[in-house]
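# Predicted coordinates and the sequence they were generated for:
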Amino acid sequence: MTLRDLSLDAREVPLGGLRGVTVHRTLPHRGLPTVGPWCFVDHFGPTADPMAVLPHPHTGLQTVTWPLAGEIRHRDSLGSDVVLRPGELNLMTSGRGVSHSEFSVGDLSVPMHGLQLWVALPSSQLSGEAGFEHHPDLPRAEGRNWSATVLMGEVEDAVSPATTYSPMVGAELRIVAGAATIPLRPDFEHAILAVDGEALVAGTEIIHRQMRYLAPGRTEVQIHTPAATTLLLIGGVPFEEDLVMWWNFIGRSHEDIVDARSQWEAASARFGEVAGHDGQRIPAPPMPEVTLRPRRRTIDRLPAPD
């Protein structure tokens, strides 16, 4: 399959429940389920609605939480209890199974704003141990008119301490007004999300919340911005494994998802318990009345070339 550059619009997704907020989701996109191992990108806020997410489960993935404003208390079934602040990274690896909760804390008059991303775990890690990492200090790279805070992987000589299981990169880019040249790995595919403002990415404009997908083969990308702008860069070697994604689970088959859902509903030890919620948890929705199939890239379902 020949890959090509594409612009992707975000879709609004109401998360409902106690959280009661709407996020703007660019991955997975119909026909483009992944960028490298990145399989889920939600941009939330700025919003006056506080985050209030009761315990819920995950399998087959890593959650990457990057707040831009507001503070979030993370608690999980591993016993972690951490307040996450802007400029800090939370990384939770589900392995075979984990559960966690997220609630706004601190000054609730500050609008919540941030990014929640998932990374698909390779098959070798699907039955691995769950883990949690909090990284308050992350490395930075910089060049003319740009700087990067490296969340995952590396940019130039700046290497994140966050654990990865596939070749990948994730970074917050700060671009001042003007032109910037960002180094890329040619064996990676990449995507750039306009977190605020707008930008010209390799000559194509993306506006607030849009994402520009860049096919492998580039050693750099030119970015022009009319004003200081924050962008998100993600990428990695194209992920070749089949992914079956449903609710908060990633597996390789319909049966994987059915099994995970059944064990969550049965309060199995697989997902443990998150302290401090008096047994409250988010129930799994009913399974769809169809067999879940892997999400695959399909050129005929992607947007038309620019």
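Happy to help now that I have it. Numbering: from 1, shown residues only.
# Now do the contacts for the nearest residue to residue 125 once chain neighbours are set aside.
For residue 125, the nearest residue in space outside its immediate sequence neighbours is residue 165; the separation is 5.1 Å by Cβ to Cβ, 6 or more residues apart in numbering. C-beta here means a position set from N, CA and C on the backbone, and glycine is covered the same way. Contacts for residue 165 (Cβ atoms under 8 Å, 6 or more residues apart in numbering) come out as 37, 62, 119, 121-122, 124-125.
# one more time with 10 Å, if that's ok
In this structure, residue 165 makes contact with 37, 62, 93, 119-122, 124-125, 128, judged by Cβ atoms under 10 Å, 6 or more residues apart in numbering.
# can you list the weak-confidence ranges in the protein?
Applying pLDDT under 70 to the predicted model, the residue ranges of the chain that meet it are 1-3, 15-20, 299-306.
# give me the beta-bridge partners of the residue most central in space within it?
Averaging the C-alpha coordinates of the chain gives a centre point, and the residue nearest to it by Cα atoms, centre = their mean is residue 117 (1.1 Å). With DSSP bridges applied, residue 117 shows beta-bridge pairing to residue 41, residue 64.
# doesn't residue 66 make contact with it?
Yes: here residue 117 reaches residue 66: they are 7.4 Å apart, a contact under Cβ atoms under 10 Å.
# all helices of the stretch 151-300 of the chain, in order?
Taking DSSP state H, counting those that start in this stretch as the criterion, the stretch 151-300 of the chain carries its helices at 254-265.
# What would stretch 166-186 look like as CSV? C-alpha coordinates only.
The C-alpha trace of stretch 166-186 is given here as CSV (Å, rounded to 0.1, in the frame of the first residue of the first chain):
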residue,chain,number,x,y,z
SER,A,166,8.1,0.1,19.7
PRO,A,167,10.2,2.6,17.7
MET,A,168,8.3,5.9,18.2
VAL,A,169,8.3,9.6,19.1
GLY,A,170,6.0,11.9,20.9
ALA,A,171,6.8,15.6,21.5
GLU,A,172,5.1,18.9,22.3
LEU,A,173,6.4,21.5,19.8
ARG,A,174,6.5,25.2,20.6
ILE,A,175,6.9,27.2,17.4
VAL,A,176,7.5,31.0,17.5
ALA,A,177,6.1,33.1,14.6
GLY,A,178,8.0,32.3,11.4
ALA,A,179,9.6,29.3,9.9
ALA,A,180,11.0,26.2,11.7
THR,A,181,12.6,23.0,10.4
ILE,A,182,11.8,20.0,12.6
PRO,A,183,14.1,16.9,12.2
LEU,A,184,12.3,13.6,11.5
ARG,A,185,13.3,9.9,11.1
PRO,A,186,12.8,8.8,7.5
